[in-house]
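[1] only geometry, no sequence info:
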C-alpha cells in the first residue's frame, strides 16, 4: 500500500504492522520521498484561531496533487489513505499536507475553494485492494498502449498510465511535437482495456517530472522534487553567464535547456550593470579594438585589434571606462600594448608548509642493507672486548667503514698481488670456522662472492716462486670501446 513513508507511491510497498487506513506511524511532516513534497513548518505550532482549515492536499500517482474539502471532519494527517470524489466514480489518494499551510498552497497555485471536491471517507480494505490491483496493471498497459500507437503510425510517446482508484477510468499521458488524431486510437484502446479512456498531453519538462532521474549535478531533478512552475529558458541566459553554447551541456534530461540556468541570472545581471557594453569599440593609435571577452568575477574585459585578433589584452573595467571617456572627447588612446600592465605575481600559501614531495619517505635508504650488521655494534668502551671475541669466533677484527673506499681498483695490474692478503686471512679463519660449525651456522659471506672473484683469490694464493703462466687457465679479455671510423 502506498502510505508515503518510504516509497513514492509504489503499490507493492508494505509497512508491516504499522500500516492502517489512517496512514503510517513513521510518516513525518515532510512526507518523506513524495515528489514535489512540501515541508509543514507549522506542524508543531498550535492554531491561535478557533476555526481550523477544512482543506487538505491529496497526492495521487507521481506529481499529481489536488485540494479536497474535509466536510465530515475526519481526523486526517500526513499519510492517511482517503477515498475522494472524482468524475466518474471515486478515487483513492494519500494525504500529503494538512493544516493552515494548505491555504497558502492553494493561494500560490490559485486553486478555488468553491470548486474543490470533497472527501468521502477514510479508505476501507475493499477500496485499498481494488486500488492495488489496478496499480499493478499499469506497466503492462503502458507497453500495450505503446504497441498500438506504433502500429497506427502516430508520432507520439506514451509516457505514463494512471488508473483511477475504482478502475472506472484510465488516463494516458503522452508527449508529441504536433497535433495527433486520436479517433482510431481511442477505439483501439477502449476495445483492448475495456474502460473509459482519457488522453492528456504534457510537455517534455512535465514528462521528466513524472519519470524522475538524476541530473548532471548528481542530485534528483528539480522538476520532480520541488519545482512546480516552469519558466522559459533561452540561450541569452547562457550568454549573460559567459557559458559556451554547447547543447549537450546546457540541455537537461528533458532535452530542453536546464531550469537551473535561471537561478543565478539575477546575480549576473546585477554584476553586469557596472560593466560597459560588450559592443564597446576603442580607438587607439594603432587601430580600432573591440571587446572579445568579459570576466564577471575578475571584473575585467579583454580587447583585441580588429586587424589582428590573435593577441588579447585584459583591462579592468575602471580603466576601460576612462578609455571610453577619452574617446568621447575625440582623443585616441595609446596602443593596447602600452596600456597593459605586468601582472603581479601571486603569492601562494602552502597550507602544509612543506613543498617537498618526498617528505613522507624514509631517507638514507641506501644503507638499509648494512643496518642488520650494524645494529649490534658495540660502544667505544667495549671495543677491545668485542674484538677479542670476534677473533676467537673466527671473524677477525672488523675494520671501520671508511677504509672500504681504499680498496684497489681492478684496472691497475700492479696492485693485484696485494689482494692476496685478504684471501690469506680467509684461509686462516677457515679452521676456526670448521671447529665451530657444529655450534654456529657457516657464515654466508664467502658464498655471496662472485665466481670471477673466487678464481682471482685462488690464483693469488699460489706462491710467487711457482707463479707461471698456466696454459689451461681461461683468459679474460678486456672490453674496450669500439674505435671510431674516420671514414664513416
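    Happy to help now that I have it. All of these numbers come straight from a predicted model, not from anything done at the bench.

[2] rest of the way, CA atoms for contacts and neighbours
    OK.

[3] which residues in the protein form strands?
    Along the chain, counting by DSSP state E, strands occupy 55-59, 65-69, 81-85, 90-97, 117-122, 157-163, 169-175, 196-201, 281-283, 288-295, 300-305, 313-316.

[4] Residue 146 is nearest to which of these?
    Nearest to residue 146 among these is strand 157-163; the distance by CA to CA comes to 6.1 Å.

[5] now the angle from that closest one to strand 90-97?
    Strand 157-163 and strand 90-97 are oriented at 100 degrees to each other (axes from the mean of the first three to the mean of the last three CA atoms, to 10 degrees).

[6] who's in contact with strand 157-163?
    61, 134-135, 138-139, 141-142, 145-146, 169-176, 207, 210 (CA atoms under 8 Å, 6 or more residues apart in numbering).

[7] For ChimeraX, what selects the buried ones among the residues you listed?
    In ChimeraX, this line selects whichever of the contacts of strand 157-163 come out buried by 16 or more other CA atoms under 10 Å:
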select :61,134,135,138,141,142,145,169,170,172,173,174,175,207,210
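
[8] Distance to residue 109 and mean pLDDT added to the strands of the chain, as CSV?
    Formatted as CSV, the strands of the chain follow (distance: least, CA to CA, whole Å; pLDDT from 0 to 100):
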stretch, distance to residue 109, mean pLDDT
strand 55-59, 12, 92
strand 65-69, 10, 93
strand 81-85, 20, 94
strand 90-97, 14, 92
strand 117-122, 16, 93
strand 157-163, 23, 94
strand 169-175, 22, 94
strand 196-201, 20, 93
strand 281-283, 48, 91
strand 288-295, 39, 90
strand 300-305, 43, 91
strand 313-316, 46, 90
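
[9] could you redo the ones you listed as a markdown table and give each row distance to residue 261?
    Below are the strands of the chain laid out as a markdown table (distance: least, CA to CA, whole Å):
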| stretch | distance to residue 261 |
| --- | --- |
| strand 55-59 | 29 |
| strand 65-69 | 27 |
| strand 81-85 | 38 |
| strand 90-97 | 30 |
| strand 117-122 | 38 |
| strand 157-163 | 26 |
| strand 169-175 | 24 |
| strand 196-201 | 26 |
| strand 281-283 | 29 |
| strand 288-295 | 18 |
| strand 300-305 | 23 |
| strand 313-316 | 27 |
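
[10] for those, which one sits closest to residue 328?
    Of all the strands of the chain, strand 281-283 comes closest under CA to CA, at 9.8 Å.

[11] Would you quantify the distance from residue 296 to residue 311?
    Distance of residue 296 to residue 311, given as CA to CA, to the nearest Å: 21 Å.

[12] Please say which of these two ends up with more neighbours.
    residue 296 (17 against 11; other CA atoms under 10 Å).

[13] the helices in the stretch 251-400 of the chain, which residues?
    Taking DSSP state H, counting those that start in this stretch, the helices of the stretch 251-400 of the chain run over residues 265-272, 317-328, 336-339, 371-374, 383-392.

[14] By mean pLDDT, show me the worst of those.
    Lowest mean pLDDT within these: helix 383-392, a mean of 48.

[15] wait, residue 176 sits on residue 156?
    Yes. Using CA atoms under 8 Å, residue 176 is in contact with residue 156, at 4.6 Å.

[16] Run through this protein and note the low-pLDDT ranges.
    Applying pLDDT under 70 to the chain picks out residues 1-34, 48-51, 343, 349-360, 362-485, 488.

[17] Got the domain ranges for it?
    16-124, 137-208, 231-272, 281-339 (automatic domain parsing).

[18] Redo those domains as JSON lines? Include distance to residue 216.
    Formatted as JSON lines, the entries for the domains of the chain read as follows, by distance: least, CA to CA, whole Å:
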{"stretch": "domain 16-124", "distance to residue 216": "19"}
{"stretch": "domain 137-208", "distance to residue 216": "14"}
{"stretch": "domain 231-272", "distance to residue 216": "8"}
{"stretch": "domain 281-339", "distance to residue 216": "24"}
